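J.: Sharing a sequence plus its predicted fold:
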Amino acid sequence: MTPSAQSGTERHPLARKEASLHTWALGSQGPGSYDGTSNMSTLRQDPTTRHWVILAPRRGARPHDHVSIPRQVLPERDESCPFCPGNEGQTPPELLRIPDDPWKVRVVPNLYAALQGDGDIERTGPPLFREMPGVGEAEVVVESPRHDMRLDEMALEDVQHIVRAWRERYRALIDKPHVQAVMVFKNFGPMAGTSLIHPHSQVVAIPVNSPRLLRRLDVATSYFDDTGHCVYDDLVVAERAAGVRMVDGRGRFVAFEPFASSSPFETWICPTFHSSSFDELEDGDVSDLAWMLSSTVGAIRRACDDPDYNLVLYSAPSDKGEDIFLWHVRILPKLSQPAGFELGSAIGINTVEPEAAAEELRKALAV
Ligand SMILES: [Zn+2]
Ligand SMILES: [Zn+2]
């Protein structure tokens, strides 16, 4: 049954959500009849971060029970949009265009960049008041000439253009002397942090290490010291063998819900071969990666009532992590809002078991 087919008999999603949170707080039977077992949660540890998550499935709740805001119907072209064809002059000079004419993908500097330019990366100030210049690069990848286009609706060839643009800009930025790490990511929808509708992603080069990446490199280094293996390679093999959290596979890539998913429907796309840095992506793998991105985003859209999401690419800086790290993509649908507990502890509370999420996504792929 589709969600809309049910809506006549259900309360407003927000009311439903508040009711279920209230129930969670009180125990499923309400006060006075708590039976001590019905809300059993489990803690799971992510072997790539050693962070714990609390899996606390809401019994009886639909796996995709969340607040969803209907999307606006968009025009193919919006005259006031700086990324629509005809308005190329409104962006800073272009860094990349694929193909030449007419373009399918353009990369331009972000006009509102938090970090800009190269130059001095010297730290100044006393140890407790350290600072440095805000150098770096922030680029916007305009993913389509169509204002209303979605990643999962594009022709495969057009998604390949995006993947090639990410790789080309990653390669161009990672070798700059003032750059420590390059982040590739996509914010889709206002809950994911963007108000800009035109399909786009971002490539940002930063002059300091990313704490999240450093943590993963540290954990992967200890794992390698203990076992002689890359933790991600072992994890991909183990997830494929377990099968229950697998979502999809194509060519040399797989998609799965990680054992210790920190939020509902967290999905990873991983190479099934060892490669630490995204700049190593070979031409022969571009099409399968593009296919996996598009089909996974589409499955999440169908399974979870079209949620906002963040897509993040993790990649080891080219001179680090060669044996120990595997570049990979994480897709994080915005189905829950981290609150005080999560922000204070860095322990996620996930109300959807990854096994259940994987099953939903497999069903959505079969549609
Ligand atoms: Zn536009
Ligand atoms: Zn590996």
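T.: Received the coordinates, thanks. Ligands and ions are numbered 1, 2, ... in the order given.
J.: Do me a favour and average the pLDDT over stretch 77-87.
T.: In this model, stretch 77-87 has a mean pLDDT of 97.
J.: Are it and ligand 1 in contact anywhere?
T.: Yes: Stretch 77-87 reaches ligand 1 (C-beta under 5 Å from the ion) through 78, 81, 83-84. For every residue, glycine as well, the C-beta is placed using N, CA and C.
J.: Show me which pair in the residues you listed is furthest apart.
T.: Asp78 and Phe83 (9.0 Å; C-beta to C-beta).
J.: re earlier: output the residues of stretch 77-87 next to ligand 1 in a markdown table; the columns should cover secondary structure.
T.: Listed next are the residues of stretch 77-87 next to ligand 1 as a markdown table, based on DSSP: H, G, I helix; E, B strand; the rest coil:
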| residue | secondary structure |
| --- | --- |
| Asp78 | coil |
| Cys81 | coil |
| Phe83 | coil |
| Cys84 | coil |
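J.: Most neighbours among the residues you listed, please name it.
T.: Greatest neighbour count in these, by other C-beta atoms under 10 Å, goes to Phe83: 22 neighbours.
J.: In this structure that residue contacts His198, no?
T.: Yes: taking contacts as C-beta atoms under 8 Å, Phe83 lies within contact range of His198: 4.0 Å.
J.: Out of the helices and strands in the chain, which is least certain?
T.: helix 13-26 (a mean of 34; mean pLDDT, DSSP states H and E).
J.: Wait, Leu137 touches Met183, no?
T.: Just to correct that, residue 137 is Glu rather than Leu. No: Glu137 is beyond contact range of Met183, at 10.6 Å (criterion: C-beta under 8 Å).
J.: okay, the two: which has more neighbours?
T.: A count of neighbours by other C-beta under 10 Å puts Glu137 above the other of Glu137 and Met183, at 24 against 19.
J.: confidence score at the one residue in the stretch 251-367 of the chain that gets nearest to ligand 1?
T.: Using C-beta to the ion, Asp308 is the residue of the stretch 251-367 of the chain that sits closest to ligand 1, at 18.1 Å. You'll see Asp308 listed with a pLDDT of 95.
J.: what does the one 5 residues further on give?
T.: pLDDT for Leu313: 98.
J.: do the one 10 residues further on as well
T.: Among the per-residue scores, Asp323 shows a pLDDT of 90.
J.: Would you mind measuring from it to His178?
T.: 26 Å (C-beta to C-beta, to the nearest Å).
J.: residues in the stretch 251-367 of the chain within reach of ligand 1, list them.
T.: So the stretch 251-367 of the chain never meets ligand 1 (C-beta under 5 Å from the ion).
J.: And the stretch 51-200 of the chain, by the same measure?
T.: Residues of the stretch 51-200 of the chain lying close to ligand 1 (C-beta under 5 Å from the ion) are 78, 81, 83-84, 147, 198.
J.: shouldn't His198 be in contact with Cys84?
T.: Yes: between His198 and Cys84 there is a contact under C-beta under 8 Å: 6.6 Å.
J.: contacting residues around whatever residue of the chain ends up closest to ligand 2?
T.: Taking C-beta to the ion, ligand 2 has its nearest neighbour within the chain at Cys230, 3.0 Å off. Cys230 sits next to 220, 223-224, 274, 323-326 when contact means C-beta atoms under 8 Å, 6 or more residues apart in numbering.
J.: mind redoing it with 7 Å?
T.: 220, 224, 274, 323-326 (C-beta atoms under 7 Å, 6 or more residues apart in numbering).
J.: For PyMOL, write the selection for the buried entries among those residues.
T.: Here is the PyMOL command that selects the buried residues among the contacts of Cys230 (16 or more other C-beta atoms under 10 Å):
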select buried, resi 220+224+274+324+325+326
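J.: just the residues of stretch 77-87 next to ligand 1 now: which is nearest Pro338?
T.: Phe83 (29.8 Å).
J.: next one: phi and psi at that closest one?
T.: phi -100, psi 0 (degrees, to the nearest 10).
J.: who touches both of Glu137 and Met183?
T.: Joint contacts of Glu137 and Met183 (C-beta under 7 Å, 6+ apart) are Val204.
J.: quick revisit: for the residues of the stretch 51-200 of the chain next to ligand 1, work out which two are farthest apart.
T.: Asp78 and Phe83 (9.0 Å).
J.: so who does Pro57 touch?
T.: Pro57 is in contact with 351-353, counting by C-beta under 7 Å, 6+ apart.
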